[in-house]
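Enquirer: model the structure of this input:
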Amino acid sequence: MPLYDRILVPTDGSSEGELAVCHALDLAAVHGASVRAIYVVDTARYAGMPMETTWEGVGDLLYDDAEAALETVRELAADRNVDVETAVVEGSPSREIITHAEETGCDLVVMGTHGRGGIDRLLLGSVAEKVVRGSSVPVLTVRIGDGEEPPSAAESASAGETSAAGTDVESSVSDATETG
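Expert: Now for the predicted structure:
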């Protein structure tokens, strides 16, 4: 019986965030799982905009970004022969990720974290930290933003079953399963 059947991966469309997407897709390939990719349009961030600013114009741009990010996930999934469903949702990113994971029956959330600390974390907060603390679904965080470029789909495919850290995904997963 596979360890994971349905993996949720939130994406922000950044090249750094692609590391987490690739990790989720590689895990899905090993476990025969499907992936649910979501892009959260952070409506709370734009709530304080002046009334003369047209939400439609901003909304259109945000939804264009969302579709581009999800198209990248679909392409990466196709390269790995992994089934993927995508969705664009609105709201607070951490709250929407938690809700989506629980309501769609996901058994793992894979998401990137910038590894911020100190005053940056205090001022900016961390979506990943809020998800880890608030989710009833297990969360796997992938450290991103260390200056490394995510592997292209061709590089990932030619590397075989190798994760972003350069370890064999299948043996890493079996080691983690055996040790609890």
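
Enquirer: hmm, Val21 is touching Leu76, no?
Expert: Yes. Using CB atoms under 8 Å, Val21 is in contact with Leu76, at 6.1 Å. Just so you know, the C-beta spots here come from the backbone N, C-alpha and C atoms, and that holds for glycine as well.

Enquirer: between these two, which is the more surrounded one?
Expert: Val21 (28 against 24; other CB atoms under 10 Å).

Enquirer: do you know how far the more buried one is from Arg143?
Expert: 14 Å (CB to CB, to the nearest Å).

Enquirer: also Ala20?
Expert: Relative to Arg143, and taking CB to CB, Ala20 is found at 9 Å.

Enquirer: tell me, what's touching those two both at once?
Expert: Gly112 (CB atoms under 8 Å, 6 or more residues apart in numbering).

Enquirer: can you give me the strands in the protein?
Expert: Ranges of strands in the chain, per DSSP state E, are 6-10, 34-41, 84-90, 108-113, 139-143.

Enquirer: highest mean neighbour count out of those strands?
Expert: Ranked by mean neighbour count, these are led by strand 6-10 with a mean of 26 (mean count of other CB atoms under 10 Å).

Enquirer: Asp83 and Val35 touch, don't they?
Expert: Yes. Using CB under 8 Å, Asp83 is in contact with Val35, at 7.0 Å.

Enquirer: overlap in contacts of these two?
Expert: With CB under 8 Å, 6+ apart as the test, Asp83 and Val35 both reach Ala77.

Enquirer: show me what the lengthiest helix in the chain is packed up against.
Expert: Counting residues, the longest helix found in the chain (DSSP state H) is helix 55-80. Using 3 or more CB pairs under 8 Å, 6 or more residues apart in numbering; DSSP states H and E, the elements in contact with helix 55-80 are helix 17-31, strand 34-41, strand 84-90, helix 153-158.

Enquirer: how much space between the residue nearest to Lys130 when sequence neighbours are not counted and Arg133?
Expert: Leaving aside its chain neighbours, Lys130 sits nearest to Ser94 (3.6 Å; criterion: CB to CB, 6 or more residues apart in numbering). Using CB to CB, Ser94 is found at 9 Å from Arg133.
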